[in-house]
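Chemist: Predicted coordinates and the sequence they were generated for:
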Amino acid sequence: MAVKPVLMFGNDRLRSKSEPVDFKREDPSADIGDLRDTLRFLREKEGMGRALAAPQIGVLKRIICVDTGAREMILINPLLLARSSDFFEVWDSCFSASLSFFGKVSRHRKIAVSYLSEKGERLVEEFQYDMSELLQHEIDHLEGVLFIDRLIGSNIIMRSEWEKMKGPGY
Ligand SMILES: [Zn+2]
């Protein structure tokens, strides 16, 4: 397992659709290990950020690694089963933009996701607010969609301005 380089906005692989993991034919544990190591490294380096999708390290597989500090999880072949009709707005960013700027996007407040665990067990779970918007961002990566595709108007601010807005310790 290793820390991998993160692909940056502009790289074609970030615009590709990722393939489902087939547990009968492949063992995703090496890719999961790389994702986990890379996310841990990035969180330490940046002091923020909560998830990484496999295409961001150049692996076009439907795998997401989440580490919010409170919860670590691996989601394989995630499917959005349901989306609430109500939305909320959030300032989003991405490790593939070096967290250098933020953009305002609209996300479903609540989603239901079906996914496979690291062991290949099928799980279904509901997520709200923070986890909901986070997983919508990550599942978009598996389709080659980036948060800049979902901007409300032209609401982009640099990280230094975002930090002023949020205040210290956010
Ligand atoms: Zn991202």
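Modeler: That came through, no problem.
Chemist: Packing partners of the lengthiest strand in the chain?
Modeler: In the chain, taking DSSP state E as the definition, the longest strand is strand 72-83. Here strand 72-83 touches helix 29-46, strand 63-67, strand 110-116, helix 129-142, going by 3 or more Cβ pairs under 8 Å, 6 or more residues apart in numbering; DSSP states H and E. Any C-beta I mention is one placed from the backbone N, CA and C, and that applies to glycine too.
Chemist: 10 Å instead, please
Modeler: On a contact count with 3 or more Cβ pairs under 10 Å, 6 or more residues apart in numbering; DSSP states H and E, strand 72-83 meets helix 29-46, strand 51-53, strand 63-67, strand 101-108, strand 110-116, strand 122-128, helix 129-142.
Chemist: residue contacts, Phe127?
Modeler: Neighbouring residues of Phe127 by Cβ atoms under 10 Å, 6 or more residues apart in numbering: 108-113, 133-136.
Chemist: by how many degrees do the longest strand of the chain and strand 63-67 diverge?
Modeler: Relative orientation of strand 72-83 versus strand 63-67 (axes from the mean of the first three to the mean of the last three Cα atoms, to 10 degrees): 110 degrees.
Chemist: What count of nearby residues applies to Pro78?
Modeler: 22 (other Cβ atoms under 10 Å).
Chemist: mind checking how far it is from Glu72?
Modeler: Counting by Cβ to Cβ, to the nearest Å, the gap between Pro78 and Glu72 amounts to 16 Å.
Chemist: circling back to that earlier point, most tightly packed of the helices and strands packed on strand 72-83?
Modeler: The highest mean neighbour count among those, using mean count of other Cβ atoms under 10 Å, belongs to strand 51-53: a mean of 26.
Chemist: to the chain's geometric centre, what's the distance from that one?
Modeler: Distance, stretch centre to chain centre, for strand 51-53: 4 Å (Cα atoms, centre = their mean, to the nearest Å).
Chemist: any idea of the mean pLDDT for that strand?
Modeler: The pLDDT scores in strand 51-53 average 98.
Chemist: now do stretch 119-127
Modeler: Across stretch 119-127, pLDDT averages out at 97.
Chemist: and it, C-alpha only, in PDB?
Modeler: Extracted in PDB, the C-alpha atoms of stretch 119-127 (Å, rounded to 0.1, in the frame of the first residue of the first chain):
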ATOM      1  CA  LYS A 119     -15.700  -7.500   2.400                       C
ATOM      2  CA  GLY A 120     -18.200  -7.500  -0.400                       C
ATOM      3  CA  GLU A 121     -21.300  -7.300   1.900                       C
ATOM      4  CA  ARG A 122     -24.300  -5.300   0.500                       C
ATOM      5  CA  LEU A 123     -25.300  -2.500   2.800                       C
ATOM      6  CA  VAL A 124     -28.000   0.200   2.500                       C
ATOM      7  CA  GLU A 125     -27.800   3.300   4.500                       C
ATOM      8  CA  GLU A 126     -29.300   6.800   4.700                       C
ATOM      9  CA  PHE A 127     -27.200   9.900   4.900                       C
END
